[in-house]
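A.B. asks: Need coordinates for the below:
(2 chains)
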Amino acid sequence: MKTLFFKYGLSSGIALLLCVPAWAAPDAQAILAASDAIRNPNRSFGLVVTLIEYRDGKKTDGSTLAIYSKADQNNGQYRSLIRYVAPARDSGKLMLKNGNDLWFYDPSSKASIRLSPQQRLLGQASNGDVVTVNLSKDYQAKFEAEESVQDGSQKDRRSYKLALAAISPDVTYDHIEMWVDAKTSEPLKARFYSESKTLLKTAYYRRYQAELGAHRPTETVIIDGLNPNWVTVMRYTDYAWKEVPDSWLQKDFLPRFKAD
Amino acid sequence: MRIWLFIVLAASAFSLHAEDQDSRALKLADDAEMAASKASGPRLFSETGISRASFRYGTEKNPGLRTTLDLQVDGRISTTVRGTFSNRLDMHEPRTRTGERFVNTLREAYLNWQPEPDTIIDAGRVNLRYGVGFGYNPTDYFRRNAIRSFVSSDPDSLRSNRLGTFLLRGQKLWKDGSLALHYSPKLANSPSTDPFSLDTGATNDADRALVAFSQRISEDLQPQWVLFKEGGRSPQFGLNLTTLVGNSAVGYLEWSGGRSASLQADASGQSGHQAFRNRVTTGMTYTTPFKLSLTGEYIYNGASLAEDEWNSLRLRSPLGLNRYLSYIQSGLETPSRHNLFFHALWKDTLVSNLDLAGFARVSQSDRSRQYWAEARYRWEASEMFLQYQLNHGDPGSAYGSISKRQIWSLFFRYFF
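C.D. replies: Predicted coordinates for the structure are as follows:
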């Protein structure tokens, strides 16, 4: 009798377990696309970025940039016109970022200088890649774990950890670790690596506010991976929808680009 | 077992250290005072400094002092019209070679009308400059006589501190291409030394027209074709092209070709033998991960003196050679047919905000050289820079003929 009861109970238990659907890992690529949409508006837009650079805890540099950004219809990546507003010595200087077509223009000397992808990694040009970029277009996402992570306000948040591997040859970073909020897909933190697995930078996305129809991060704190004492704080203001014609996103327009 | 325990403890310590660094960074951001600057207003700076030169055939003279006021302003007049004004005033002590204490350079003063986002029309004085080269720009067809106040041999200074040309231009842009038409009329016959002159005779001493066309032909290549015509001279054709070389380098080519007399014939005022002459600047800029950019450039000027022509002129007519060198300088040409140019720029060298720059020009004909170096330190609203220049070569050589053998300069610039 006991044996019969045991066999019946065991069989029922196994059958019950087989009926319960297995827990499915979240769609990592969809989560990544959702986090892209939180960072980037879905049509051409403008904003003002104020940067402060710190070395060993002391402010060493600061600048203000006005950015016009538009997603490429073919590959979804952002192309940007960047105008230096401050400091005064750089006022009026321009940069064009269009994939690997990167140009710098000085209105004083009328010099249009083409920059190499290496120069994208140097200085503030590289920090723009942490901001207006659609990661889901250039990276394959893999779900790694659901875990607790400290966000930019140093609060514990339930998050999905994604591993991003570059699928496009022209990207700045070989692979990225990204933590997004498990409920809202808001990006919380990211680590950017080179092909040699060197940590190049860590970014925290914070100060979420309603801008252009979504709850977006209005501040990014970037910590240099090679020298963690080098910290850049980037704050975004003056979000606005802006028409950016395709004809403007080329080197020949740079001498004509003027402040609003 | 102990080894594994050690590894776990070390990993934990490293992780905690990284978290501490992140916490410190986030605390900096919490305390950051962000005051975003609104749309930039006029850019005005003053520059004051001292130069001391050693002359080749005499003793050192008293130091020279210079004060500069530099203004650039751009503003909207209506929804489709903007105005641009750019001016530089230099005050020299002692006076310049022409006896002037003040030299004013009206660089730009023009109206810009943009009836459509892709259509732009300008009228007025415009500093029009084409060319992707560093040390020499054969497609910079409006460069002759544009420098009123020579303050530095730095190519960037020569490009910035020069007269614009009075012209009318229209530009049409489309995705990955553009077409620009320029017309610059003759307004005067010759340059002026009057300190506050508009100096239309320097920039508008002949009727000139230029057409520039560019179209992207691949992901990496967007060549720019230029056609230039000056009244009484044959048309000149030009090409500007850049390409990426791997991840760290940019290669470039700038070419101009057309029938013309030699520069030596132009300098002496003779009609000269007309031939098809090429001018080429080609080079590469390589940037290291630690912000050092190195440029190497080969420059060929088919209108300049070849080595045998140089030696012949030097022996036959030293006065003619001086006239030629003066003509070369006013036209921003190269003194000899084959030249090399090297440039280095190192930003945030050793300490933040300290930039080091330098270049070397080599005249292949006579191996004479010009060296230039600068250390520049930047504060938030000011900067200080120390410059050194050495002109080295045998007497009668391209750079050995320059009377100032070496020059030291120290300047302070303040942005208002």
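
A.B. asks: What segments of the chain are helices?
C.D. replies: In the absence of a named chain, chain A is used. Residue ranges of the helices in chain A, as given by DSSP state H, are A:2-19, A:28-39, A:117-120, A:124-127, A:135-138.

A.B. asks: try chain B instead
C.D. replies: Listed in chain order, the helices of chain B (DSSP H) span B:2-31, B:155-160, B:200-203, B:263-267, B:307-316, B:318-330.

A.B. asks: okay, those helices in a markdown table with distance to B:Gly393 and mean pLDDT next?
C.D. replies: Where you see a C-beta, it was placed from the backbone N, CA and C, and this is true even at glycine. A markdown table is the format used below for the helices of chain B (distance: least, CB to CB, whole Å; pLDDT from 0 to 100):
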| stretch | distance to B:Gly393 | mean pLDDT |
| --- | --- | --- |
| helix B:2-31 | 53 | 75 |
| helix B:155-160 | 20 | 93 |
| helix B:200-203 | 29 | 96 |
| helix B:263-267 | 19 | 93 |
| helix B:307-316 | 12 | 89 |
| helix B:318-330 | 12 | 91 |
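
A.B. asks: would you list those in TSV and tack on distance to A:Pro255?
C.D. replies: Below are the helices of chain B laid out as TSV (distance: least, CB to CB, whole Å):
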stretch	distance to A:Pro255
helix B:2-31	36
helix B:155-160	13
helix B:200-203	18
helix B:263-267	29
helix B:307-316	37
helix B:318-330	25
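
A.B. asks: Next one: the closest residue to chain A within the stretch 201-350 of chain B from B:Gly358, what distance?
C.D. replies: Taking CB to the nearest CB, chain A has its nearest neighbour within the stretch 201-350 of chain B at B:Ser248, 3.9 Å off. Using CB to CB, to the nearest Å, we find B:Ser248 at a distance of 20 Å from B:Gly358.

A.B. asks: picking up where we left off before, now mean neighbour count too, for the helices of chain B, in TSV please.
C.D. replies: Conversion of the helices of chain B to TSV gives the following (neighbours: other CB atoms under 10 Å in any protein chain shown):
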stretch	mean neighbour count
helix B:2-31	12
helix B:155-160	19
helix B:200-203	21
helix B:263-267	20
helix B:307-316	14
helix B:318-330	16
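
A.B. asks: Just send the ones you listed back as a markdown table, with distance to chain A too.
C.D. replies: Putting the helices of chain B into a markdown table (distance: least, CB to the nearest CB, whole Å) gives the following:
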| stretch | distance to chain A |
| --- | --- |
| helix B:2-31 | 4 |
| helix B:155-160 | 4 |
| helix B:200-203 | 14 |
| helix B:263-267 | 24 |
| helix B:307-316 | 31 |
| helix B:318-330 | 19 |
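
A.B. asks: closest one to A:Lys93 among these?
C.D. replies: For the helices of chain B, distance to A:Lys93 was read as CB to CB. The smallest value, 12.2 Å, belongs to helix B:155-160.

A.B. asks: and the stretch 51-200 of chain B, which residues reach chain A?
C.D. replies: Remark: the part of the stretch 51-200 of chain B in contact with chain A comprises B:72, B:74, B:76, B:82, B:112, B:114, B:117-118, B:120, B:127-129, B:132, B:156, B:159-160, B:171, B:173-178, B:180, using CB under 8 Å from any CB of the partner chain.

A.B. asks: hey, least reliable of the helices of chain A by pLDDT?
C.D. replies: In terms of average pLDDT, helix A:2-19 trails the rest of those, at a mean of 50.

A.B. asks: in the stretch 301-416 of chain B, which segments are predicted with low confidence?
C.D. replies: Within the stretch 301-416 of chain B, the set of residues satisfying pLDDT under 70 is empty.

A.B. asks: so how far is A:Asp61 from A:His175?
C.D. replies: Shown here: A:His175 relative to A:Asp61, a distance of 29 Å by CB to CB.

A.B. asks: do B:Ser312 as well
C.D. replies: Taken as CB to CB, the spacing of B:Ser312 relative to A:Asp61 amounts to 55 Å.

A.B. asks: just B:Thr281 next, same as before
C.D. replies: Distance, B:Thr281 to A:Asp61, using CB to CB: 33 Å.

A.B. asks: Give me the more crowded residue out of these two.
C.D. replies: Remark: of B:Thr281 and A:Asp61, B:Thr281 carries more neighbours, 27 against 18, as counted by other CB atoms under 10 Å in any protein chain shown.

A.B. asks: got a list of what the closest residue to the more buried one other than its chain neighbours touches?
C.D. replies: Taking CB to CB, 6 or more residues apart in numbering or on different chains, and ignoring the residues beside it in sequence, B:Thr281 has B:Gly133 as its nearest neighbour in space, at 3.4 Å. By CB atoms under 8 Å, 6 or more residues apart in numbering or on different chains, the contact list for B:Gly133 reads B:Tyr252, B:Glu254, B:Thr281, B:Thr282, B:Gly283, B:Glu297, B:Ile299.

A.B. asks: what's the most distant pair in these?
C.D. replies: Of all pairs drawn from the contacts of B:Gly133, the widest gap by CB to CB lies between B:Tyr252 and B:Ile299 and measures 12.2 Å.

A.B. asks: the more surrounded of those two?
C.D. replies: B:Ile299 (28 against 22).

A.B. asks: which residue packs closest to the more buried one, ignoring adjacent ones?
C.D. replies: In space, B:Ile299 comes closest to B:Asn339 once its chain neighbours are excluded; the distance is 4.1 Å by CB to CB, 6+ apart.

A.B. asks: so the one you found touches B:Arg367, yeah?
C.D. replies: No: taking contacts as CB atoms under 8 Å, B:Asn339 lies outside contact range of B:Arg367: 11.2 Å.

A.B. asks: Compare these two and say which is more crowded by neighbours.
C.D. replies: Looking at B:Asn339 and B:Arg367 with other CB under 10 Å, you find the greater number of neighbours at B:Asn339, namely 22 against 14.

A.B. asks: Contacts only, for that one.
C.D. replies: B:Asn339 sits next to B:Gly135, B:Tyr136, B:Tyr298, B:Ile299, B:Tyr300, B:Asn301, B:Arg361, B:Val362, B:Ser363, B:Gln364 when contact means CB under 8 Å, 6+ apart.

A.B. asks: beta partners for the third one?
C.D. replies: In other words, B:Tyr298. With DSSP bridges as the criterion, the beta-bridge partners of B:Tyr298 are B:Thr282, B:Leu340.

A.B. asks: residue contacts, it?
C.D. replies: For B:Tyr298, the contacting residues are B:Val280, B:Thr281, B:Thr282, B:Gly283, B:His338, B:Asn339, B:Leu340, B:Phe341, by CB under 8 Å, 6+ apart.

A.B. asks: can you name the two of the residues you listed that are farthest apart?
C.D. replies: The two members of these with the most space between them (CB to CB) are B:Gly283 and B:His338, at 13.9 Å.

A.B. asks: Which one's more surrounded, those two?
C.D. replies: B:Gly283 (22 against 16).

A.B. asks: With adjacent residues omitted, what lies nearest to that one?
C.D. replies: Spatial nearest neighbour of B:Gly283, excluding adjacent residues (CB to CB, 6+ apart): B:Glu297 at 3.3 Å.
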